[in-house]
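Student: Dropping a prediction and its sequence here:
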Amino acid sequence: MADYKMHLLVCGGTGCKAAQSELIKNNFQNQLAERGLENDVQVIHTGCFGFCEQGPIVKIQPDNTFYVSVSPDDTREIIDEHLVKGRIVERLLYTDPNTKTQISESKNMDFYKKQVRIALRNCGFINPENIEEYIGNEGYSALGKCLDELSPEEAIKIIMDSGLRGRGGGGFPTGLKWDITRKVENEQKYVVCNADEGDPGAFMDRSILEGDPHTVIEAMAICGYCIGADKGLVYIRAEYPLAIQRLKAALSQAREYGLLGENILGSGFSFDIEIRYGAGAFVCGEETALIHSMEGKRGEPTFKPPFPSQEGYLGKPTNVNNVETFANIPPIINKGAAWFSSIGTEKSKGTKVFALAGKINNVGLIEVPMGTTLREVIYDIGGGIKNGRQFKSVQTGGPSGGCLTKDFLDTPIDYDNLLAAGSMMGSGGMIVMDEDDCMVSIAKFYLEFTLEESCGKCTPCRIGNKRLHEILEKITDGNGTPEDLTKLRMLSHVIKDTSLCGLGQTSPNPVLSTLDNFIDEYEAHVNESKCPAGQCKALLQYVIDDESCTGCTLCFRICPVGAISGEKRGPHYIDQTLCIKCGACFEKCKFNAIKIA
Amino acid sequence: MNKIKSLADLKKLKEEVQSKIKLREKGDNPDNLIQIKVSMATCGIASGAKDTMNHLIEELDHQGIDALITQTGCMGFCYAEPTIELTMPGKQPVIYGYVDKSKAQEIIDKHIKLNELVDGIIPVSYKTIDE
């Protein structure tokens, strides 16, 4: 076996892969071999480091150097300078945007300082395609502990005492769910992992499956042992090819090592896992719809009760948990309930993974203790708003959640606080908006998503959301009336109260929360025919300021509809009846003479 | 690969494979470990720093002593290459010059194991920008 003196970790998450990290890894391997260093330096393709904004990431251990935005052309320099001569390649270090100093160790970066990584503990640390690296880092020891030392009741009690709640959005206590499924008597039960992550901008579950697939396998086996099931199913969307590939590889390795299959670790307990593919329908994240889809039926929800824990997959008791929930299980079993419940707030224990997106400097994947404030997440970890703009709102919980204003920035994040603030935890998408985003349009965007994804089974969701969308369209087109705002609110409540499943019951949340928090923007649209953010094209006018216009004729030449006229070196004018508000002149004018009125 | 048939097998495999990722764990928590930096610029490499580093890694591993051994750039004592900087947990770093294999062995046997200083320490006569 080669005796490696250095490890070179190259991020192999989807984001970095799209930025050529595969080629970077190959370059390293080839160039190391050219120099005969292949037995001194090991190149490892890991899961997501989370700092996607600065990808591709390359980390060198043991000297703990963190390189960002590495390109395939940089590999030679890293080998020649860093690996051979021990000189850090400074131009590839991360520069702190506030202090402008370069930071070589990730633990000194604001992005990582406030994070606590439990579910993501192995992402960016081990090679997800090598089961031995997982085993070497406490992998499968929790399963071993359960099978060897703990009765199913004792293991469930640890999960209950830890205070772990479902990370898929609902926040139902995980231990309780396991206990209920355990107590239903049946000779056949199932464990299902919900990997149907559908919120726009969310990629927590994908990253866990890509970076640490064995943790999910181990946790599902533990769940099977606890509830008395010998079969597990992972429901994953087919558009996650890398996650599927790594999960498949992990499953076959686990079988090969005897950690799945008959008589695991000589305990008499048998368990195996199959993969089921989803076609990417949002509603299939709802557990009853998910189960129907796995059975080969239409992905439509049904009324609860009966709950899946009573009658689930093929009519048998089924325990459904989300990927991130499962990823928390092995550390809880290993380190105990008291350790886990010491992290977080009174009613929400542990950590939560968030996918940071939108107008924020550090787009990426983060994991913070429950009770961290939105301000810490957005400004300290996220690095603040892009291009020095002002923060306006943060959307949590995806299409089922709401938009929070700056008044909520100091709210500690947990299930209950977010609900009280009119949003929800959801699966962990967090989209940050700045002053250029129109909140009416944002509400409309989310509604478009729900309209598309509504399965059409129940009337309030199918028709109600369509009507909501029409009213919002009317407002953004400049034809809204004050009565429309009352109608929006009333209809939203009807949809919430009468829809069959979680999708319909939460779909008006983006509308209601923007109505509550940004009513002035709605009023500006309907009363003054103005869009304060300058996003609703129907409501804005491009005009040329006489004083600033130099008559360069640039706008005249690029206007696609010939709406601009004027003499050379004299002020130009826009004919509002012809203007299609494409904004081309506004972007091109070198003298800032074109204004939005 | 033989199947893992018992918890004891799993623990055994874990111990075998743990060392493969230990290097990464050490890098994340360097403060409680013995740290050795080997100066590996052109001058150091020409004087045999690579052999010194290999010997340190192998010998410490062989003796089961946990240490973080990294390479660094030129420390400026080119006349005394190979040079190493040794930091025992909680102590000030010490720099040794002319560290060939036998010197490295002496440093391991005396300084690291018995905490006795060895001849050949280069007094540090500069201040860093952090001080």
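Tutor: In hand now; what should we look at? Every value quoted in this text rests on a predicted model; they were computed, and no experiment measured them.

Student: Please enumerate the strands of chain B.
Tutor: With DSSP state E as the criterion, chain B has strands at B:34-39, B:67-72, B:84-87, B:94-96.

Student: Chain A is nearest to which of those?
Tutor: Counting by C-beta to the nearest C-beta, chain A lies closest to strand B:67-72 out of these; the figure is 3.9 Å. From N, CA and C alone the C-beta is placed, and that goes for glycine too.

Student: in chain A, which helix or strand is least confident?
Tutor: In chain A, the helix or strand scored least confidently by mean pLDDT, DSSP states H and E is helix A:85, which has a mean of 78.

Student: ok, the following helix or strand past it: who's next to it in the sheet?
Tutor: The helix or strand immediately downstream of helix A:85 is strand A:94-95, counting by DSSP states H and E. Strand partners for strand A:94-95, identified by DSSP bridges, are recorded as strand A:102-103 (antiparallel).

Student: centre of the chain versus the least confident helix or strand of chain A, how much separation?
Tutor: Put simply, helix A:85 sits 40 Å off its chain's centre (C-alpha atoms, centre = their mean, to the nearest Å).

Student: what's in contact with that helix?
Tutor: By C-beta atoms under 8 Å, 6 or more residues apart in numbering or on different chains, the residues outside helix A:85 that reach it are B:Met40, B:Ala41, B:Thr42, B:Ile45, B:Gly73.

Student: B:Leu10 contacts A:Tyr140, doesn't it?
Tutor: Yes - if you go by C-beta atoms under 8 Å, B:Leu10 and A:Tyr140 touch, sitting 6.1 Å apart.

Student: returning to that earlier point: among the contacts of helix A:85, which one has the most neighbours?
Tutor: When neighbours are counted by other C-beta atoms under 10 Å in any protein chain shown, B:Met40 leads those with 25 neighbours.

Student: Regarding A:Lys496, what is its secondary structure?
Tutor: Taking DSSP: H, G, I helix; E, B strand; the rest coil as the rule, one finds A:Lys496 in the helix state.

Student: quick one: it and A:Gly198, what's the gap?
Tutor: Separation of A:Lys496 from A:Gly198 (C-beta to C-beta, to the nearest Å): 20 Å.

Student: Of these two, which one has the most company?
Tutor: Shown here are A:Lys496 and A:Gly198; by other C-beta under 10 Å, A:Gly198 has more neighbours (22 against 17).

Student: For the more buried one, which non-adjacent residue is spatially closest?
Tutor: Ranked by C-beta to C-beta, 6 or more residues apart in numbering or on different chains and with sequence neighbours excluded, the top spatial neighbour of A:Gly198 is A:Phe282, at 4.0 Å.

Student: can you pull the contacts of that neighbour?
Tutor: Counted by C-beta under 8 Å, 6+ apart, A:Phe282 has contacts A:Gly198, A:Asp199, A:Pro399, A:Phe449, A:Thr450, A:Glu453, A:Leu503.

Student: which residues are contacting stretch A:560-576?
Tutor: Contacts for stretch A:560-576 (C-beta under 8 Å, 6+ apart): A:541-544, A:546, A:549-551, A:553, A:555-556, A:578-580, A:582, A:584-585.

Student: same thing but 10 Å
Tutor: When contacts are defined by C-beta atoms under 10 Å, 6 or more residues apart in numbering or on different chains, stretch A:560-576 is touched by residues A:541-559, A:577-582, A:584-585, A:589, A:593-594.

Student: List the buried residues for that stretch?
Tutor: Neighbour counts over stretch A:560-576 (16 or more other C-beta atoms under 10 Å in any protein chain shown) mark A:Ala563, A:Ile564, A:Gly566, A:His572, A:Ile574 as buried.

Student: Please name the bridge partners of the third one.
Tutor: Judged by DSSP bridges, the bridge partners of A:Gly566 are A:His572.

Student: Where do the helices of the stretch 201-350 of chain A begin and end?
Tutor: All helices of the stretch 201-350 of chain A, identified by DSSP state H, counting those that start in this stretch, fall at A:204-211, A:213-227, A:241-256, A:287-294, A:323-335, A:337-341.

Student: Out of those helices, which gets nearest to chain B?
Tutor: helix A:241-256 (5.7 Å).

Student: next one: the closest one to chain centre, how far?
Tutor: 22 Å.

Student: And stretch A:103-113, by the same measure?
Tutor: Stretch A:103-113 sits 22 Å away from the centroid of its parent chain (C-alpha atoms, centre = their mean).

Student: which sections of the chain are below the confidence cut-off?
Tutor: Unless you meant another one, I'm taking chain A. Applying pLDDT under 70 to chain A picks out residues A:1-2.

Student: Wait, chain B was what I had in mind.
Tutor: Applying pLDDT under 70 to chain B picks out residues B:1, B:125-131.

Student: For chain A, what is the nearest residue in it?
Tutor: Closest point on chain B to chain A, by C-beta to the nearest C-beta, is B:Lys3, at 3.2 Å.

Student: Could you verify my assumption that that residue touches A:Gln253?
Tutor: No - using C-beta atoms under 10 Å, B:Lys3 makes no contact with A:Gln253, being 11.7 Å away.

Student: Need the overlap of contacts for these two.
Tutor: Joint contacts of B:Lys3 and A:Gln253 (C-beta under 10 Å, 6+ apart) are A:Leu259.

Student: who has more neighbours, those two?
Tutor: A:Gln253 (20 against 16).

Student: Can you give me the neighbour number for the nearest residue to that one once chain neighbours are set aside?
Tutor: Closest residue to A:Gln253 apart from its sequence neighbours, by C-beta to C-beta, 6+ apart: A:Ile131 at 4.1 Å. The number of residues packed near A:Ile131 is 26, by other C-beta under 10 Å.

Student: And A:Ile131, how far from A:Val216?
Tutor: A:Ile131 is 13 Å from A:Val216, by C-beta to C-beta.

Student: Which residues are in contact with each of those two?
Tutor: Common neighbours of A:Ile131 and A:Val216 (criterion: C-beta under 10 Å, 6+ apart): A:Ala250.

Student: What is the burial count for residue 114?
Tutor: Chain wasn't specified; assuming chain A. A:Lys114 has 14 neighbours, counted by other C-beta under 10 Å.

Student: actually chain B
Tutor: Around B:Leu114 there are 9 residues (other C-beta under 10 Å).

Student: go on, A:His493?
Tutor: 12.

Student: Pull the contacting residues for it.
Tutor: With contacts defined as C-beta under 10 Å, 6+ apart, A:His493 is in contact with A:Pro508, A:Leu512.

Student: quick check, it in a helix?
Tutor: Yes - assessed with three-state DSSP, A:His493 lies in a helix.

Student: how much space between it and A:Gly169?
Tutor: Distance of A:His493 to A:Gly169, computed by C-beta to C-beta: 21 Å.

Student: now the contacts of A:Phe282: which count as buried?
Tutor: A:Gly198, A:Asp199, A:Pro399, A:Phe449, A:Thr450, A:Glu453, A:Leu503.

Student: The fifth one - nearest residue in space that isn't next to it in sequence?
Tutor: The shortest distance from A:Thr450 to any non-neighbouring residue, by C-beta to C-beta, 6+ apart, is to A:Ser507 (4.2 Å).

Student: Now the phi/psi pair for that neighbour, please.
Tutor: With angles defined as degrees, to the nearest 10, A:Ser507 sits at phi -60, psi -30.

Student: ditto for A:Thr550
Tutor: phi -100, psi 0.

Student: residue contacts, it?
Tutor: Contacts of A:Thr550 by C-beta under 10 Å, 6+ apart are A:Arg569, A:Gly570, A:Pro571, A:His572, A:Cys589, A:Lys590, A:Phe591, A:Ala593.

Student: count of neighbours near A:Glu295?
Tutor: A:Glu295 has 13 nearby residues by other C-beta under 10 Å.

Student: Also A:Gln390?
Tutor: A total of 10 residues lie near A:Gln390 under the criterion other C-beta under 10 Å.
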